[in-house]
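*Asks:* 3D model of this:
(2 chains)
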Amino acid sequence: MGVGTSRYPEGRDRTMSRRTQPRIWAEEVKAHVGSGVRLKGWVHTVRELGKLVFVVLRDRTGTVQCKIRGQKEIAKQLEEEAAIELVGTVVEDPRAPEGVEVDVEELALLAKPVEPPPIQINRPLDLIGMRLETILNHRALSLRHPEIGSALKVRAEFIWAFREYLRSQGFLEVQTPKIVAAGTEGGTALFAVQYFERTAYLAQSPQFYKQMLVGAGYERVCEVGPVYRAEEHNTTRHLNEYISLDYEMGFIDDFREITRLETELLRFMFEHVERACPRELEIYGAELPKVPSEIPHVRLDEALSILETNYQKRCEGDLDPEGEKLLCEYAQERWGTEFVFVTHYPREHRPMYAMPSEEDPSLTNSFDLLYKGLEITTGGQRIHDYHMLVESIRSRGLDPEDFAFYLEIFKYGMPPHGGLAIGAERLTAQLLNLPNVRQASFFPRDRTRLVP
RNA sequence: GGGGGUGUAGUGUAGCGGCCUAACACGCUGCCCUGUCAAGGCAGAGAUCGCGGGUUCAAAUCCCGUCAUCCCCGCCA
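*Replies:* Numbering: from 1, shown residues only, chains lettered A, B, ... in the order given. Below you'll find the predicted structure:
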């Protein structure tokens, strides 16, 4: 056995033999008892017991204990978080953590740490108690921590399932511009960017473009992409850049068609995450919610009176964060679900494209979806009538000329349509009970954070 | 935009007028150990207590400013 401090390119794997041995993942080791295996990964921990050394190797699939016998000088070169490659034999041993371990025959150092890592990634988070700031300052390294990185795996699986389900329902995945000419929806503040000789903005939402693509004949479109909000909020549930899961569908009968589809979509997404992320869910102690066949719909005015009657809680015009929590508590007790659609928001609280309600034109066919006390979706039916939309734009003191690019398709048979957007980080954070959405973002952007 | 906190070794904390020549845990360095798995034992290095000013015989500790950061509200996903 030998150790190589090999360095690309000239000395690469110089000391490693058995080049034909294919690499296996840490999680596959159990299936290779008695066989020679090659593993690559990071040194998770090193435990020296005199002439016996245990090295726990970590790769993208997990960890596996490896032992080095009678080669103390090799252990001396192993530092935590070094990238290594090893060849050995898988042996059964009841003393090993999983009943099996790798008896190392050869080991090569692929990359040696320049200095000890600033954060520990081989101990449970509750023992090392890093503050989020520290975790985010060392984001690439902290994501190596199995607990920290798991949240993003869950998010990735949510996103995969979002695409997969909508694809099965005839949706086309689209990409809309993130550099746009004007403040589309109004309301939220926009980031200005220099676009050659003009000022452009980062898109706060794909709203106009996904509607235009419905009208373009695709009928059903979805998008996974970043959106940008220049709001100076500094809370645990806001990011200035986040991933929006959008869909928009044409020829709907009413807005309930949108909430029905979201119900089925969410069920698919949660069931997929349950199958794909058992380890990650266990790490966070997350309980998969049962998505009911019909998520309760509560009109905003009803929601406000529910809060007042049952919780003596008064909200002015809209639900505040506490109101959202209480309403979800109510939904849990009353209907046994953590989800509730709040519908029929007043027009003045919704953008100009929101479709007025038939029974009360001061309200809209729009909704928010609350999950465990937090708003994770906003959606609704949109105005499809050209003249009505122009009028709505005017009534807000806006100039339809500025929206000509958007309005054009509405002149040529725009079908009844609607859609919604789910905040990917919020959905993930709520499932995993993360105290801060930043934990569900690879590299969060907030009021003060632009790096890394 | 408004309000409230917090800044002490790499990390997380304790200390909150003198007993601080700043403590503890993890990490780090060296030595010992063939069944560790939050390994253990012994020895050690590492902090002018965010920064600037002030009060005081004396400041990590009190005051002012500043910077950084966290949380809550508004608004939103």
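*Asks:* helix/strand/coil for A:Gln439?
*Replies:* helix (DSSP: H, G, I helix; E, B strand; the rest coil).
*Asks:* Let me see the contact set for the closest residue in space to it that isn't next to it in sequence.
*Replies:* Nearest residue to A:Gln439, sequence neighbours excluded (Cβ to Cβ, 6 or more residues apart in numbering): A:Ala151, at 5.4 Å. For glycine as for every other residue, the C-beta is placed from the backbone atoms N, C-alpha and C. By Cβ atoms under 8 Å, 6 or more residues apart in numbering, the contact list for A:Ala151 reads A:Glu280, A:Tyr284, A:Thr428, A:Ala429, A:Leu432, A:Leu434, A:Gln439, A:Ala440.
*Asks:* Among those, which one is most surrounded by other residues?
*Replies:* Of all the contacts of A:Ala151, A:Thr428 has the most neighbours under the rule other Cβ atoms under 10 Å, reaching 28 neighbours.
*Asks:* now the helices: where do they sit in the stretch 1-150 of chain A?
*Replies:* A:72-77, A:125-128, A:132-137, A:139-142, A:146-168 (DSSP state H, counting those that start in this stretch).
*Asks:* Can you lay out the ones you listed as TSV showing mean pLDDT and distance to RNA strand B?
*Replies:* Compiled in TSV, the helices of the stretch 1-150 of chain A are given as follows (pLDDT from 0 to 100; distance: least, Cβ to the nearest atom of the strand, whole Å):
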stretch	mean pLDDT	distance to RNA strand B
helix A:72-77	80	7
helix A:125-128	81	5
helix A:132-137	90	3
helix A:139-142	92	10
helix A:146-168	95	12
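*Asks:* out of the ones you listed, deepest packed?
*Replies:* Each of these was scored by mean neighbour count; the highest is helix A:146-168, a mean of 19, by mean count of other Cβ atoms under 10 Å.
*Asks:* hmm, who's touching whatever helix or strand comes next after it?
*Replies:* Following helix A:146-168 in sequence order, the next helix or strand is strand A:172-173 (DSSP states H and E). With Cβ under 8 Å, 6+ apart as the test, strand A:172-173 has contacts from A:Arg163, A:Leu166, A:Arg167, A:Leu213, A:Tyr218, A:Arg220, A:Val221, A:Cys222, A:Glu223, A:Val224.
*Asks:* Put the buried members of those into a PyMOL selection.
*Replies:* Provided next is the PyMOL selection string for whichever of the contacts of strand A:172-173 are buried by 16 or more other Cβ atoms under 10 Å:
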select buried, chain A and resi 163+166+213+218+220+221+222+223+224
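*Asks:* any idea of the mean pLDDT in stretch A:53-67?
*Replies:* Average pLDDT, stretch A:53-67: 94.
*Asks:* Flag the shaky bits of chain A, pLDDT-wise.
*Replies:* Within chain A, the segments meeting pLDDT under 70 span A:1-19, A:183-188.
*Asks:* Go ahead and flag the most central residue of it.
*Replies:* The centroid of chain A falls nearest to A:Arg155 when counting by Cα atoms, centre = their mean (3.3 Å).
*Asks:* so it makes contact with A:Gly423?
*Replies:* No. Counting by Cβ atoms under 8 Å, A:Arg155 does not reach A:Gly423; the two are 10.8 Å apart.
*Asks:* Show me the strands in the stretch 101-250 of chain A, by range?
*Replies:* Secondary structure of the stretch 101-250 of chain A (DSSP state E, counting those that start in this stretch): strands located at A:172-173, A:179-180, A:192-195, A:198-202, A:220-228, A:241-250.
*Asks:* ditto for the stretch 351-452 of chain A
*Replies:* A:366-371, A:374-382, A:417-423.
*Asks:* who wins for proximity to A:Glu28 among those?
*Replies:* Among the strands of the stretch 351-452 of chain A, the nearest to A:Glu28 by Cβ to Cβ is strand A:417-423 (34.3 Å).
*Asks:* Can you list the strands that that closest one pairs with?
*Replies:* Partners of strand A:417-423 in the sheet, by DSSP bridges, are strand A:241-250 (antiparallel), strand A:374-382 (antiparallel).
*Asks:* want to try CSV for the ones you listed, with distance to RNA strand B and mean neighbour count as columns?
*Replies:* Shown next, in CSV, are the strands paired with strand A:417-423 (distance: least, Cβ to the nearest atom of the strand, whole Å; neighbours: other Cβ atoms under 10 Å):
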stretch, distance to RNA strand B, mean neighbour count
strand A:241-250, 4, 23
strand A:374-382, 3, 22
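*Asks:* closest one to A:Lys290 among the ones you listed?
*Replies:* Judging the strands paired with strand A:417-423 by Cβ to Cβ, what sits closest to A:Lys290 is strand A:374-382, at 16.3 Å.
*Asks:* who in the stretch 301-450 of chain A is up against RNA strand B?
*Replies:* A:317-318, A:320-322, A:324, A:349, A:368-369, A:374-378, A:421-423, A:425-426, A:435-437, A:446, A:448-449 (Cβ under 7 Å from any atom of the strand).
*Asks:* and if we set it to 6 Å?
*Replies:* The interface of the stretch 301-450 of chain A toward RNA strand B, taken as Cβ under 6 Å from any atom of the strand, is made up of A:318, A:320-322, A:349, A:375-378, A:421, A:423, A:425-426, A:436-437, A:448.
*Asks:* Only the buried subset of these, as a ChimeraX command please.
*Replies:* Those of these that count as buried under 16+ other Cβ under 10 Å are selected in ChimeraX with:
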select /A:375,376,377,378,421,423,425,426,436,437
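*Asks:* Grab the two from the residues of the stretch 301-450 of chain A next to RNA strand B that are most spread out in space.
*Replies:* Once Cβ to Cβ is applied, those give A:His349 and A:Thr448 as the farthest pair, at 29.2 Å.
*Asks:* how deep is A:Asn234 tucked in, by neighbour count?
*Replies:* Neighbours of A:Asn234 (other Cβ under 10 Å): 9.
*Asks:* Is it correct that it is in contact with A:Asp446?
*Replies:* Yes. With contact defined as Cβ under 8 Å, A:Asn234 reaches A:Asp446; the gap is 6.9 Å.
*Asks:* what ranges do the helices span in the stretch 201-350 of chain A?
*Replies:* Assigned helices in the stretch 201-350 of chain A, in chain order: A:207-213, A:256-276, A:278-284, A:300-311, A:321-335 (criterion: DSSP H, counting those that start in this stretch).
*Asks:* buried sites along the second one?
*Replies:* Of the residues in helix A:256-276, those buried by neighbour count under the rule 16+ other Cβ under 10 Å are A:256-259, A:261-263, A:265-270, A:272-273, A:276.
*Asks:* what about the one residue in the stretch 251-400 of chain A that gets nearest to RNA strand B, distance to A:Arg299?
*Replies:* Using Cβ to the nearest atom of the strand, A:Asp320 is the residue of the stretch 251-400 of chain A that sits closest to RNA strand B, at 2.9 Å. Separation of A:Asp320 from A:Arg299 (Cβ to Cβ, to the nearest Å): 17 Å.
*Asks:* same thing with A:Ala216?
*Replies:* Plainly put, A:Ala216 is 33 Å away from A:Arg299 if you go by Cβ to Cβ.
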